[in-house]
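kindly generate the corresponding structure for this input.
(2 chains)
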Amino acid sequence: MNAKYAPQEIEEKWQRIWTERKTFNVTEDPARRKYYLLEMFPYPSGRIHIGHVRNYTIGDVVARYKRMQGFNVLHPMGWDSFGMPAENAAIDRGIHPSVWTNDNIANMRRQLQRMGFSYDWDREISTCEPDYYRWEQLFFLKMFEKGLAYKKRSSVNWCPQCKTVLANEQVEAGLCWRCGAEVGEKDLEQWFFKITAYVEELLEYCDRLPGWPEQVLTMQKNWIGKSYGCELSFPMEDGREDIRVFTTRQDTIYGATFMLIAAEHPLVMELARGKACEADVQAFVEKVKKQDKMMRTSDYYDKEGVFLETFCLNPVTNFRMPIYAANFVLADYGTGCVMAVPTHDQRDFEFAERYNLEKIVVIQPPGTTLDPKTMTEAYVDEGLLVHSGPFDGMENLKALEAIAEHLEAIGRGKKTVQYRLRDWGISRQRYWGAPIPVIHCEKCGSVPVPEQDLPVVLPRDIDLTGTGESPLARHDAFWKTICPVCSGPARRETDTMDTFVESSWYFDRFCSPACNVKPGLDRRQVDYWMPVDQYIGGIEHAILHLLYARFYTKMLRDFGVVGVDEPFTNLLTQGMVCKETMRCAEHGYLYPDEARDGRCAHCGREVQIGKTEKMSKSLKNVVDPDYLIQKYGADTVRMFCLFAAPPEKDLEWSDQGVDGSFRFISRTWRIVMDYLDDIRETSPFAGDGELTGDLKALRRKTHQVIRKVTSDIEDRFHFNTAISAVMELVNVLYQTKRPEKSDAVGLAVVRETIEAIVVLLSPIVPHIAEELWTLLGKTDALADTAWPTFDAGIAAEEEITIVLQVNGKVRSRITVPADESEARIKAAARADKRICEFIGDRPVIKEVYVPKKLVNIVVRG
RNA sequence: GCCUGGGUGGCGGAAUUGGUAGACGCAAGGGACUUAAAAUCCCUCGGUCCUUGAGGCUGUGAGGGUUCGAUCCCCUCCCCAGGCACCA
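Numbers count the residues shown, from 1 in each chain, chains lettered A, B, ... in the order given. Model (predicted):
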């Protein structure tokens, strides 16, 4: 047999067979263990990129592996098809978002199918279709009823030129990305989901998700940001209503000498009204609203404020505290007001220095005395309280509780818990999203759309210009309606939902994608498949998407729609795919094929190689999967994505590396072809008779590699080392002296090795594996073949190497039988010629023995 | 700035629990095969020094510490990446 490896032919053939036989379609089967493997579904941007290829290849290997382990594997794919890019394409090129989206989906589906992923395509869903989002609207009604969806005023980025709302990413250095106008803030009535109603459960379960990376759980905990402290009230000098603050540092209250209010807090203008400072305050507030929120709370940003010509009183010292509006205080955390203790908070210290405000030391560090006049920075560490009335001399940490109780007793405070997590704003003033099912009536207020009127379908005939209000707000037939309560004229809500809402329950829908009766999820099917056993996606989703999906799951559980507390039992967060950037002085960033031999294809100038960054269209450092498939085949692309780095790390793209993967696959193909005629009729070695020499070593290696590949995939998803192990096995096979045609035992051992190689590689490179399997005379599909097992006895080494150290440095090695005793190994170490030379006549102080690994002899001098 | 990770040969990476640093692959160099080239197969490959050896020293971002022993644990610092609530 001498057929040449022809990836295109083989791959298309097997993809056809899998589709025809519906190999990967599944149904609930209570008799079998289920395994739900899910990769984050893509936004249909037009073409798959290498990041998708990597993500879905990782998932496919696990899906195929689990299938071979006997699990009933659900492995679905769909489209997160609402979102801004469709609208931008419509504005820029005049294509309707639905046409653009569906064309993209068709192309990306073709690309994914050409990669040979083992999806159950019958379960494909697309979130922009009414049969998907109608259920989301139903859930919204339920949320509205329970007070989990509510309206409040909130600010958005607003471009006064385009008269439109901008996403944060559409604001570049404070300017609109489309027109360059200065972006401001605008207050709008917006819909929110009350994620904070579940904050405690979301936090608590962070400690009950052992299958999640610690890193992600830590990020989520910090995001939720639970802190214990006090809510304190400070009386106003003029007798107005008290100012309330939240603090975790009530131990420093005796040092509070001024009050800070977030510039955008409504109280600021209220206090300034009618005073001489009113105009200055107004100007300051406008200025701060334009500052970047992230920057203005940074340690190095200039602390600025304006005096409101008003005072409040420190409730324990009666100190007359001036009140300032400040840029570094956030309106939406705590109460938006902060008691300032300049001696023990660095930001307050800088503010006090700048505006020449009083400083009182209330925590004394051990051993020194702080003088407010000479301090150059705040003292933020522990110490003993001073100038703190009855609490003088207490350790500040112990005083936290005592002072909180004291403040409660005098009616000035209350111990509280504060969270950083805010409610989830879901209103988008955009077209391409799921309509929010609410009608606004002048008489009846915000009225939910009656259930029988769902879905509220997004109209097709729409005029997208990129300017003005939301397109739906200009679509009369859409928004002009009647109130379901009083039948009077009413206005339909024209905001659409954040696309994170769709991705918060799509995994449930995959369990019953065709269900068309309320609530769109068949409880029996959902109960069989959920939760997702393994979820795989980019680390960039560590907080938002994953937290929203967890919240939504808990809520649907409370609605009785699903039966699980958490959606994802195990989570794998993969790193990003990066590639070096290339620039031409004249033509800017270049695509890889625009550079030839280090020169720009347009002008011949020398190309500058830039730093390696995440692959993106704007940097043009992208690789086209279609081109790679055409050149090498899907199997090579799959293998390289897995081989170049473990999944959780960033992957640096390398064209030479792809060549290497192709070479290995071809090398494997060749050796199987080479042996094929001799082993076609042979059965794998069954263990009868003693083996010696090469054959014994080959068989041992085979079983070692089965063990290694199994644990690499099962325990840690390290496909790169699994592939390395198979490469070693192929190398050993090449180096094994070829058994004669008459050597039945030798050929049986080779057959065992070759079958192992093919089966172990099959989840990674399924097409070539199926083909070789067939050529080996097998008639059952490899995809349904059982994963191989290893024999620990055969895999065991007979001899081991013991490292000999003197004072921790390797000086010699000895080879001993694997079961050699400690005493004999130590004796051999002491007797070793090189070790004796190193020890010389120095006295031995200590001898460390690590079983089966090393002996370390410690000597003086 | 805040939160979370990461830094190992010329390059991607390996070392699974504190125990042989550099598996496997790429690049490079050499050899075999070939009329030749490609392909293929085999060998060498961290740095440095010398007495060229089963050699010495050195080496996992930098500096310190703990330990018989540190890529791994602790402290300080530098650099890079992701997230930061309207990109998904």
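
now the residue of the stretch 1-150 of chain A found nearest RNA strand B. Nearest residue, chain neighbours left out?
Using Cβ to the nearest atom of the strand, A:G83 is the residue of the stretch 1-150 of chain A that sits closest to RNA strand B, at 3.4 Å. C-beta here means a position set from N, CA and C on the backbone, and glycine is covered the same way. Using Cβ to Cβ, 6 or more residues apart in numbering and skipping the chain neighbours, the partner closest in space to A:G83 is A:T499 (4.9 Å).

residues near the one you found, how many?
23 (other Cβ atoms under 10 Å).

wait, it sits on A:G433?
Yes: contact criterion Cβ atoms under 8 Å: A:T499 and A:G433 qualify, at 6.4 Å.

any residues in contact with both of the two?
A:F82, A:G83 (Cβ atoms under 8 Å, 6 or more residues apart in numbering).

if we can go back for a sec, burial count for the residue of the stretch 1-150 of chain A closest to RNA strand B?
A:G83 has 22 neighbouring residues, counting by other Cβ under 10 Å.

same deal with A:T252?
Using other Cβ under 10 Å: A:T252 sits among 26 other residues.

do A:V859 as well
The number of residues near A:V859, taken as other Cβ under 10 Å, comes to 16.

which ones are touching it?
Per Cβ under 8 Å, 6+ apart, neighbours of A:V859: A:V806, A:N807, A:I839, A:R842, A:P843, A:V844, A:I845.

next one: phi and psi at it?
Dihedral pair for A:V859: phi -120, psi 160, per degrees, to the nearest 10.

which residue is the nearest non-sequential neighbour of it?
Using Cβ to Cβ, 6+ apart, the closest residue to A:V859 is A:R842 (4.1 Å).

secondary structure element holding the one you found?
Assigned by DSSP states H and E, A:R842 falls within no helix or strand.

wait, isn't it in contact with A:R860?
Yes: A:R842 is within contact range of A:R860, at 5.5 Å (criterion: Cβ under 8 Å).

spit out the contact partners of the residue in the stretch 451-600 of chain A positioned nearest to RNA strand B.
For the stretch 451-600 of chain A and RNA strand B, the shortest gap (Cβ to the nearest atom of the strand) falls at A:E540, measuring 3.7 Å. Applying Cβ under 8 Å, 6+ apart to A:E540 gives the contacts A:M576.

do you have the strands of the stretch 451-600 of chain A handy? List them.
Counting by DSSP state E, counting those that start in this stretch, the segments of the stretch 451-600 of chain A that form strands are A:480-482, A:489-492, A:496-497, A:532-538, A:568-574, A:577-584, A:588-589, A:595-596, A:599-600.

quick one: least confident helix or strand in chain A?
Ranking every helix and strand in chain A by mean pLDDT, DSSP states H and E puts helix A:293-296 at the bottom, with a mean of 56.

need the next SSE after it, C-terminal direction.
Sequence-wise, the next helix or strand beyond helix A:293-296 is strand A:305-313, with elements assigned using DSSP H and E.

report all helices and strands that that next one contacts.
When contacts are defined as 3 or more Cβ pairs under 8 Å, 6 or more residues apart in numbering; DSSP states H and E, strand A:305-313 sits against strand A:258-262, helix A:266-272, helix A:278-290, strand A:320-326, helix A:346-355.

contacts for the fourth one next, please.
This points to strand A:320-326. A:234, A:237, A:243, A:256-263, A:265, A:268, A:271-272, A:281, A:284-285, A:288, A:303-308, A:310-314, A:338-339, A:351, A:355, A:357.

measure A:L232 to RNA strand B for me?
Counting by Cβ to the nearest atom of the strand, to the nearest Å, the gap from A:L232 to RNA strand B is 22 Å.

surely that residue meets A:R249?
No: using Cβ under 8 Å, A:L232 makes no contact with A:R249, being 10.6 Å away.

neighbour count for these two, which is higher?
Using other Cβ under 10 Å as the criterion, A:L232 and A:R249 rank with A:L232 on top: 26 against 19.

so where does the residue of the stretch 651-800 of chain A found nearest RNA strand B fall, helix or strand?
As assessed by Cβ to the nearest atom of the strand, RNA strand B sits closest to A:G660 within the stretch 651-800 of chain A, at 2.6 Å. Using DSSP H and E, A:G660 sits in helix A:655-679.

ok, and for whatever helix or strand comes next after that helix, which residues are buried?
Following helix A:655-679 in sequence order, the next helix or strand is helix A:693-716 (DSSP H and E). If you call a residue buried by 16 or more other Cβ atoms under 10 Å, then helix A:693-716 has these buried ones: A:694-695, A:698-710, A:712-713.

mean confidence for the helix or strand that contains A:M108?
According to DSSP H and E, A:M108 maps onto helix A:97-114. Averaged over helix A:97-114, pLDDT sits at 96.

so which residues make contact with it?
A:11, A:15, A:19, A:42, A:44-48, A:52, A:56, A:77, A:79, A:81, A:86-87, A:89-90, A:119, A:121, A:124, A:126, A:128, A:431-432, A:460, A:464, A:625-626, A:629, A:634.

close to RNA strand B, is the next helix or strand after it?
Sequence order places helix A:130-145 as the next helix or strand after helix A:97-114, per DSSP H and E. No: Helix A:130-145 is not in contact with RNA strand B by Cβ under 7 Å from any atom of the strand; minimum separation 13.6 Å.

could you list every helix and strand in contact with helix A:130-145?
strand A:149-159, strand A:445-448, helix A:544-558.

now stretch A:262-282, how far from the centre of its chain.
Offset of stretch A:262-282 from its chain centre (Cα atoms, centre = their mean, to the nearest Å): 42 Å.

from the stretch 301-450 of chain A, which residue is nearest to RNA strand B?
Counting by Cβ to the nearest atom of the strand, the stretch 301-450 of chain A gets nearest RNA strand B through A:R422, at 3.9 Å.

how many neighbours does that residue have?
A:R422 has 12 nearby residues by other Cβ under 10 Å.

can you pull the pLDDT of A:R596?
Looking at A:R596, the pLDDT reads 68.

what's the answer for A:C176, then?
75.

how much space between it and A:G184?
10 Å (Cβ to Cβ, to the nearest Å).

how about A:W529?
Distance from A:W529 to A:G184, by Cβ to Cβ: 47 Å.

so for the two, which sits in the more crowded spot?
A:W529 (22 against 15).

surely that one touches A:Y35?
No: counting by Cβ under 8 Å, A:W529 stays clear of A:Y35, with 9.3 Å between them.

common neighbours of the two, please.
With Cβ under 8 Å, 6+ apart, A:W529 and A:Y35 have common neighbours A:L74.

okay, now the unreliable bits of the stretch 51-200 of chain A?
The stretch 51-200 of chain A contains residues with pLDDT under 70 at A:169, A:173.

pull the number of nearby residues for A:T721.
For A:T721, using other Cβ under 10 Å, the count is 15.

typo on my end, A:R638
29.

isn't A:K579 up against A:D655?
No: A:K579 is not in contact with A:D655 according to Cβ under 8 Å; the separation is 9.5 Å.

who's more crowded, those two?
Neighbours were counted for A:K579 and for A:D655 using other Cβ under 10 Å; A:K579 has more, 22 against 11.

would you mind measuring from the more buried one to A:G660?
17 Å.

and what of A:F391?
69 Å.

same check on A:T19?
The value you get for A:T19 to A:G660, if Cβ to Cβ is used, is 31 Å.

give me the more crowded residue out of those two.
A:G660 (16 against 13).

OK, contacts around the residue lying closest to A:Y205 once chain neighbours are set aside?
In space, A:Y205 comes closest to A:E566 once its chain neighbours are excluded; the distance is 5.9 Å by Cβ to Cβ, 6+ apart. Neighbour list for A:E566: A:Y205, A:R208, A:L209, A:P531, A:R550, A:T553, A:K554 [criterion: Cβ under 8 Å, 6+ apart].
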